[in-house]
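S.K.: What would the 3D arrangement of this be:
(chains A and B)
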Amino acid sequence: MSDDSAPDNNASRRHFLIGAGVVAAGTAAGIYVMPRFFGERGAAGAGAAKGALPVDFKPHAFVRISSDDTVTVILGKVEMGQGVHTGLPMILAEHLDIAPSRLKVEFGPVDPAFNIPFLPSQFTGGSNSTMTTYQPLSKVGATARAMLLAAAAQRWSVDAASLSTDDGVVTDGRRRLTYGELAEAASKLPVPKDVVLKPRSEYKWVGKPHPRLDSRDKVSGKTIFGMDVDRPDMLVAMVARSPVFGGKVRSFDATAAKAIPGVVDVKQVPTGVAVLATHTWAARRGRDALQIVWDEGAGAKLSTAGQRAEWQALSRKPGVVARNVGDPDKAYAAAARKIDVEYELPYLAHAPMEPLNACVLVTETQCDIWTGTQNQSLDRDAAAQILGFKPEQIVLHTQFLGGGFGRRASTQSDFVREAVEVARGVGKPVKTVWTREDDLHGGFYRPFSVNRVRAGIDTDGKPSVYMHTTVGKPVLINSPFGSMMVKDGMDPTSSEGSADMPYAMPNLRMELHNTDEIVPILWWRSVGHTITGFVVNTALDELAALAKRDPLELRREMLRDKPRHLAVLNKAAELAGWGTPAAAGRHRGIALQESFGSIVAQVAEVSVSGTDVRVHRVSCAVDCGFAINPDQVVAQLQSAVVYGLSAALHGEITLEKGRVQQSNFDTYPVLRINESPQIDVAIINSDAPLGGIGEPGLPPSAPAVCNAIFAATGQRIRRLPVSASLKNA
Amino acid sequence: MISLTVNGERRDIDADPEMPLLWVLRDLLKLTGTKYGCGAALCGACTVHLDGEPIRACVTPVSAVGAAKITTIEGLSANVDHAVQKAWMELDVVQCGYCQSGQIMSAAALLAKNPQPTDADIDTAMTGNICRCGTYPRIRAAIKRAAELQTATAGKGAAS
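M.R.: I've put the predicted structure just below:
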């Protein structure tokens, strides 16, 4: 996207949207009130400041059709690898009737028109981008097409019903007018209230694999990520932060830092001490040269071992009851065979490949922010609050994200706040960049979690009771989303996937203990399901072993009344060849989780030699309702499995005297290509309401692998990562 | 003043000799296709070619480059038509894309030396390049596809 054009577009779109008043995405079904159309001359055309200005036909904030035949889709969502930069334009293009490959795609400004339907927030996360915009984008495309048809009908004095469209052209069978040629006329027509959407059976592009629209720039190094932003007179800053969470600067000496060539300034900010320099290397060297005395505070007492002991004790006490079904205590007492076990999952860093960064320019009247964030409106509001500005004085220039996984959806807007603090008063753009060590030490982890499960089977070998007490810091409490989503101390992200498991369980209880350690935590790809997916699916495997039953058979029985789940389970089993002998030395494990509206089952095939676990193959089946771009659904499943295996096999953030023990990819290993298994994916288009796809592939991968390890060795993995369990065995 | 040859052009820069080549490329020469990911030769995002050999620019002091020719992702091909880039697009390897410059430079160096790499060869050459999006299955397939494309081109060249 052309960065310099953004402010112009921003102004004109905002005007337009205010005029429109309503892009009211009122319900989950996606009822959408169309804004009025807005035709304008020139001003909005990207890079069209001089010379002949193209006429823009801009039906609304989501698409702009210019007289030069450029059709631009404006995305309110951000692209972090998950493919919305291709999938969402495909939906609009389908109903507008133009090949998606001919579209231009731009990232839009912060605007309420782009808010998600269930929160007043412009946010890319929770796997909801496609499911919440499918209807509105379809309607936008269809409405624009109807108006282009009407404009052509007027031009030719014929009935619009006698006309048709074909890939950017309106025709009566003989004559042709391009969308660009019709743009100005169409912009002056009334907006039809209700257009009829074409049925899926007539789709030309949606539902079939389509190449990513961002591929070419990404393979040529052209794509600009936040880290690559370069502005005139820009400085680069690095911040020295407290070595323990909650620590404060007591004093510092910047003499040596200021002597480093290229260092321009050193200043204290709320999070530490910032070194501003003319380039990154000078900022780094300057920061290394700082002498800082810290008031470490109580955070210096934290250790993983201490937390573990405390939380294990808590897990044996009654907590807040998130759900109770039947009479679990009685059923547990009556169970023929039972388990009383603990599952532990560590803090995890997201570690996106692109370390955090934000470039900020603060002037008297405006603050420009160039960054990749999943939390656009919240970050804008945070910047406004710091500076005492109105939200509309903040201009956010969204860049491509070098991975997000939840880290760039900071509920505290931490990295944007800090960058604003660094840049305020400087008068020049300042790009604050994090190192990998900063990223791993910086908190905002997936919560550390201790879980006690008491479960049992009856005399027929059927699971009869499941009681789960989870201990950990809730993601949403104390976040700006807390007041809307947390009730009576119950954070839905702490219980999701367990309290509401799809498996039939006659007696069930889930209890929560909310901890409040100083370590900042955050949603991490698949949020609560990364924990509950492991707990539920491992516990069920334990029950199958108690009952001496095949884990697939047990699950089939428990999902008997859930045809979608059953179909997914069976598909994964079939793909993996469950029931047929695996290659010598290989063993299989299975897991299924429903999350973000989609159902995913996985079978992992592993071999174990001593403490060495090799995952050879993961067979996945997914029902996300309807796959918009099936090849990207496959890609997201592959992605989630690899991300999930990194966590299952290696990932662990631990604390000692308040210090994070891991600092780079040597001490925080992630999956590399030599450990990456064959991943097969089967998609089931059930035509159920759309589900998400960025996250649902993750929860089953760790339990599928650990259940396979049990099949291979008889050893039950109850603590992740696997490497920690096998070492301690 | 230090003289470098970057993507076939001579570039004179004024830099601390200890400055890693990565920051020279990114901050001084504005070639941002080469990425910072770890700063410690652990992730491969900064991979560039030095006389055709893949190196980690984040730990290579600019003074160590000497007369060697530097190739970055921007200089890999004139029209995004290197066999590796073509295969990457054909199989839609990229997701977030941040690590892909490094992946592509490592893959291109592998294929230049070993036109028909086995899975084991690919593992050896590519294990230094981390991808958090998990594009590994496609990287493996795309390297094999690039090998085919390269062979086909070489065959055509020989026939004409």
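S.K.: Provide a list of residues in contact with the residue of the stretch 551-700 of chain A found nearest chain B.
M.R.: The minimum distance from the stretch 551-700 of chain A to chain B, using CB to the nearest CB, falls at A:V642 (2.7 Å). In this view, the C-beta of every residue, glycine as well, is placed from N, C-alpha and C. Taking CB atoms under 8 Å, 6 or more residues apart in numbering or on different chains as the definition of contact, the neighbours of A:V642 are A:671, A:676, A:679, B:131, B:133-134, B:136.
S.K.: Can you add neighbour count and secondary structure and give these back as a markdown table?
M.R.: Putting the contacts of A:V642 into a markdown table (neighbours: other CB atoms under 10 Å in any protein chain shown; DSSP: H, G, I helix; E, B strand; the rest coil) gives the following:
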| residue | neighbour count | secondary structure |
| --- | --- | --- |
| A:L671 | 25 | coil |
| A:S676 | 25 | coil |
| A:I679 | 25 | strand |
| B:C131 | 34 | coil |
| B:C133 | 29 | coil |
| B:G134 | 28 | coil |
| B:Y136 | 27 | helix |
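S.K.: Relative to A:G180, which of those is nearest.
M.R.: Distance to A:G180, by CB to CB, is smallest for B:C133 among the contacts of A:V642, at 36.0 Å.
S.K.: Next one, pLDDT for residue 67 please.
M.R.: Chain wasn't specified; assuming chain A. For A:S67, the model assigns a pLDDT of 86.
S.K.: switch to chain B, that's the one I care about
M.R.: 96.
S.K.: Quick check: closest non-adjacent residue to it.
M.R.: Of all residues not flanking B:A67 in the chain, B:T5 sits nearest, at 7.3 Å (CB to CB, 6 or more residues apart in numbering or on different chains).
S.K.: coming back round to it: report the secondary structure element holding the residue of the stretch 551-700 of chain A closest to chain B.
M.R.: helix A:630-649 (DSSP states H and E).
S.K.: Run through the bridge partners of B:L4.
M.R.: Applying DSSP bridges to B:L4 gives these bridge partners: B:R11.
S.K.: Could I get the contacting residues of the most centrally placed residue in chain B?
M.R.: In chain B, the C-alpha closest to the average C-alpha coordinate belongs to B:M105, at a distance of 1.6 Å (CA atoms, centre = their mean). Counting by CB under 8 Å, 6+ apart, B:M105 makes contact with B:47-49, B:54, B:71-73, B:76.
S.K.: Could you check how far the residue of chain A found nearest chain B is from A:R231?
M.R.: Taking CB to the nearest CB as the measure, the point where chain A comes nearest chain B is A:G221, at 2.1 Å. With distances defined as CB to CB, to the nearest Å, the gap from A:G221 to A:R231 amounts to 20 Å.
S.K.: who's more crowded, these two?
M.R.: Set A:G221 next to A:R231 and count neighbours by other CB atoms under 10 Å in any protein chain shown: A:G221 wins out with 25 against 17.
S.K.: give the contact list for the nearest residue to A:Q412 once chain neighbours are set aside.
M.R.: For A:Q412, the nearest residue in space outside its immediate sequence neighbours is A:P520; the separation is 6.9 Å by CB to CB, 6+ apart. Residues touching A:P520, when contacts are defined by CB under 8 Å, 6+ apart, comprise A:245, A:412, A:414, A:443-445.
S.K.: OK, contacts around the residue of chain B found nearest chain A?
M.R.: For chain B, the nearest residue to chain A under the criterion CB to the nearest CB is B:G33, separated by 2.1 Å. Shown here is B:G33, whose contacts under the criterion CB under 8 Å, 6+ apart are A:220-222, B:72-74, B:101.
S.K.: And A:A635, by the same measure?
M.R.: A:83, B:92, B:95, B:135, B:138.
S.K.: give me the number of residues near the second one?
M.R.: Applying other CB under 10 Å, we find 22 residues neighbouring B:D92.
S.K.: How about it: what's its closest non-neighbour residue?
M.R.: A:R212 (5.2 Å).
S.K.: Name the SS class of the one you found, please.
M.R.: With DSSP: H, G, I helix; E, B strand; the rest coil as the basis, A:R212 sits in coil.
S.K.: Who are the contact partners of it?
M.R.: Counting by CB under 8 Å, 6+ apart, A:R212 makes contact with A:83, A:85-86, A:632, B:92, B:94.
S.K.: Then A:V475?
M.R.: Contacts of A:V475 (CB under 8 Å, 6+ apart): A:411, A:447, A:491, A:493-494, A:521-523, A:527-528.
S.K.: pull the CA atoms of stretch A:126-145 into PDB?
M.R.: Below are the C-alpha coordinates for stretch A:126-145, written out as PDB (Å, rounded to 0.1, in the frame of the first residue of the first chain):
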ATOM      1  CA  GLY A 126     -10.500 -14.700  18.100                       C
ATOM      2  CA  SER A 127     -10.600 -16.300  14.700                       C
ATOM      3  CA  ASN A 128     -13.600 -14.200  13.900                       C
ATOM      4  CA  SER A 129     -12.600 -12.200  10.800                       C
ATOM      5  CA  THR A 130     -14.200 -14.300   8.200                       C
ATOM      6  CA  MET A 131     -17.200 -15.500  10.100                       C
ATOM      7  CA  THR A 132     -18.200 -11.900  11.100                       C
ATOM      8  CA  THR A 133     -17.500 -10.300   7.700                       C
ATOM      9  CA  TYR A 134     -18.700 -12.900   5.300                       C
ATOM     10  CA  GLN A 135     -22.300 -11.600   5.200                       C
ATOM     11  CA  PRO A 136     -21.500  -7.900   5.200                       C
ATOM     12  CA  LEU A 137     -18.800  -8.200   2.500                       C
ATOM     13  CA  SER A 138     -21.100 -10.300   0.400                       C
ATOM     14  CA  LYS A 139     -23.800  -7.700   0.700                       C
ATOM     15  CA  VAL A 140     -21.400  -4.900   0.000                       C
ATOM     16  CA  GLY A 141     -20.200  -6.600  -3.200                       C
ATOM     17  CA  ALA A 142     -23.800  -7.400  -4.400                       C
ATOM     18  CA  THR A 143     -25.000  -3.900  -3.700                       C
ATOM     19  CA  ALA A 144     -22.200  -2.300  -5.600                       C
ATOM     20  CA  ARG A 145     -22.900  -4.700  -8.500                       C
END
